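Colleague: following is a predicted model, sequence given first.
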Amino acid sequence: MRKVKYSKTDFKYSSLPTTRKALFFDLFRNQYKVILKCGFVLLMFSLPFMVFSIVMDFVKLGIYQNVNEEELSGVLMLWSLTFNIGFIVLMFVLLIAISGLMRVIRQLVWSEGVDFWYDFKIGVKQNYPHFALSTGIILTFYLISYLMLIFFGFSLLGLSPMVLFIVFFIGIYIWYILLANLYDSNFKEFTKNGLFFYIKTLGWSILFMIALALPLMLNLIGNINFISLKYLIFVIVMIFYYPVIFTIMELYSLDKFDKYINIENYKDYYRKGLF
């Protein structure tokens, strides 16, 4: 039987970290098992996309081997459209995990006890409607932007929607998700405040956008000889990379919410989890 170790001293409020940075390192010293569990859950919900992506990689290999040069560009365009539509559909499966895990991470950074699966289920129930609505809108705009780029190429008309999507809408979407994970409001308010925080934190928001999108570069690996490496990296990213990024984003957002919202309107949330 496993021996349970108890602390030799009672919990003291003064033992809490005093800054978000200190809290980050405290979490990875004391709660790394919970964060690792978040990674495995994220991987589990990403398996449908991974299987779909593997199938599409082999389909693409077959296209290069069996389609002549005159038809190749058109067939690859159809493949790309199919891949993007599949990605959009399967994103709503992955969103179940993100909805639950964002609440788990919020409870961690608040230095509150975490009952993992209970908090996960509550997070899905509370967050998924908001997350799914905003994700549906952002992915619809992405699909429109992508189709415009396909049909009009690298012209002003073809590039403008995609540039607008990347520069403007993704940043608002990130803050929408972070706001919806904490507050109870509606689409209009989350969007308006998402725009506010995106503008106020433009530099960090762009860094978060890059950090979230960077693993998507794995899709550029099309060589069949590197397929195993590609999906090994995918597994590592899901387990170890994204939970850390989500934790950093949650800590940073709470700091900004304290500054602009909580100090006046939600005093119970102000510096919660800190001494």
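Modeller: Yep, that arrived.

Colleague: Phe257: what's it in contact with?
Modeller: By CB atoms under 8 Å, 6 or more residues apart in numbering, the contact list for Phe257 reads Leu179, Leu182, Tyr266, Tyr269. For every residue, glycine as well, the C-beta is placed using N, CA and C.

Colleague: show me what contacts the third one?
Modeller: Tyr266 makes contacts with Tyr183, Phe257, as judged by CB under 8 Å, 6+ apart.

Colleague: quick check: phi and psi at it.
Modeller: With angles defined as degrees, to the nearest 10, Tyr266 shows backbone torsions of phi -130, psi 70.

Colleague: equivalent analysis for the one 3 residues further on, please.
Modeller: Per-residue torsions, Tyr269: phi -90, psi -20 (degrees, to the nearest 10).

Colleague: one step back: out of the contacts of Phe257, who's nearest Leu149?
Modeller: Distances from the contacts of Phe257 to Leu149 were compared by CB to CB; the smallest belongs to Leu179, at 29.8 Å.

Colleague: list the contacts of that closest one.
Modeller: Contacts of Leu179 by CB under 8 Å, 6+ apart are Ser185, Phe190, Asn193, Gly194, Phe197, Ser253, Phe257.

Colleague: confidence score at Met1?
Modeller: On the pLDDT scale, Met1 is placed at 41.

Colleague: actually Leu139, not the one I typed
Modeller: The model reports Leu139 with a pLDDT of 95.

Colleague: I'd like the contacts of Phe257 written out as JSON lines, with distance to Ser73 and pLDDT added.
Modeller: Compiled in JSON lines, these are given as follows (distance: CB to CB, whole Å; pLDDT from 0 to 100):
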{"residue": "Leu179", "distance to Ser73": "42", "pLDDT": "97"}
{"residue": "Leu182", "distance to Ser73": "47", "pLDDT": "96"}
{"residue": "Tyr266", "distance to Ser73": "54", "pLDDT": "90"}
{"residue": "Tyr269", "distance to Ser73": "53", "pLDDT": "91"}
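
Colleague: closest one of those to Val59?
Modeller: Nearest to Val59 among these is Leu179, at 39.1 Å by CB to CB.

Colleague: so where's this structure uncertain?
Modeller: Low-confidence segments of the chain, defined by pLDDT under 70: 1-15, 220-225.

Colleague: which parts of it are helices?
Modeller: Applying DSSP state H to the chain gives helices spanning 20-30, 32-66, 69-109, 116-152, 156-164, 170-180, 187-200, 202-213, 227-236, 242-257, 263-265.

Colleague: so which of these comes closest to Leu274?
Modeller: Going by CB to CB, the one of the helices of the chain nearest Leu274 is helix 20-30, 6.5 Å.

Colleague: coming back round to it: out of the contacts of Leu179, which comes closest to Met162?
Modeller: Within the set of the contacts of Leu179, Gly194 lies nearest Met162; the separation is 20.0 Å, counting by CB to CB.

Colleague: which residues touch that closest one?
Modeller: Gly171, Ile172, Tyr173, Ile174, Trp175, Tyr176, Leu179.

Colleague: do you know how far it is from Glu250?
Modeller: Distance, Gly194 to Glu250, using CB to CB, to the nearest Å: 15 Å.

Colleague: nearest to Asp115 among the contacts of Leu179?
Modeller: Ser253 (23.1 Å).
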